[in-house]
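Asker: coordinates only, sequence not included:
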């Protein structure tokens, strides 16, 4: 049952202000082969402990009391380059999702997600993909399209193929899925990704996906 987690040896930290929920999620992930390195019940502890244990993925609740999960996400992603934050929240509100993404979260999952969905989301987040509960990605992308509607003469110029790959990255596809979709090799996809990263002066696939949705490049052309 824990094969997928064991293959990747993903280290996880669980942050939630409800002890029963926090401990339950930590136990479920451990049983599926993840290395749960820490838990925390408030934002200040989450930031302090994350900086000490440097997990691959932080599962972050948003409602943490005086200091929010959004603020904790900002501090963690700003100081730990190798750590990604996956929000796990009871809220599916548009504003909450947007604030989390702006703070640097790699994805957003609602607490009604199944254990299998959580396992997949943690694995994909650790692999550098942007992960959203079904329906929420569309909300985020639509909002960023509206924000990016004004012309930007300073926007780096990408080739048609680079834009096509970037659009699929923004939709959450892995390099292998993109290769299958475009009928090109996995290596060619990675070359396009690396070329685009250099042009946009970004550092990883999550930043690349964020750039794409901020600039309205997430919509596939018809046909």
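Answerer: Yep, that arrived. It should be emphasised that the depicted structure is a prediction, and the values quoted were computed from it without experimental measurement.
Asker: who touches stretch 61-80?
Answerer: Contact with stretch 61-80 is made by 15-18, 41-44, 46-47, 50-51, 54, 58, 60, 83-85, 87-91, 96, 99-100, 103-105, as judged by Cβ atoms under 8 Å, 6 or more residues apart in numbering. In this view, the C-beta of every residue, glycine as well, is placed from N, C-alpha and C.
Asker: Return the members of those residues classed as buried.
Answerer: 15-17, 41-44, 46-47, 50, 58, 60, 83-85, 87-89, 91, 96, 99-100, 103-105 (16 or more other Cβ atoms under 10 Å).
Asker: Tell me which residues touch residue 90, please.
Answerer: Residues near residue 90 by Cβ under 8 Å, 6+ apart: 63, 110, 111.
Asker: Just those residues: which are in strands?
Answerer: Using DSSP state E, the subset of the contacts of residue 90 located in strands is residue 110.
Asker: Can you give me the distance of the residue nearest the centre of the chain to residue 61?
Answerer: Central residue of the chain (Cα atoms, centre = their mean): residue 106, 1.8 Å from the mean position. Distance of residue 106 to residue 61, given as Cβ to Cβ, to the nearest Å: 15 Å.
Asker: do residue 116 as well
Answerer: Distance of residue 116 to residue 61, computed by Cβ to Cβ: 20 Å.
Asker: Between those two, which has more neighbouring residues?
Answerer: Neighbour totals were compared for residue 116 and residue 61, and residue 61 leads with 26 against 10 (other Cβ atoms under 10 Å).
Asker: While we're on the more buried one, how confident is the model there?
Answerer: Per-residue confidence (pLDDT) for residue 61: 94.
Asker: For the helix or strand hosting residue 37, enumerate the helices and strands it packs against.
Answerer: Using DSSP states H and E, the element containing residue 37 is strand 35-40. Where contact means 3 or more Cβ pairs under 8 Å, 6 or more residues apart in numbering; DSSP states H and E, strand 35-40 is packed against strand 11-15, helix 19-31, helix 43-53.
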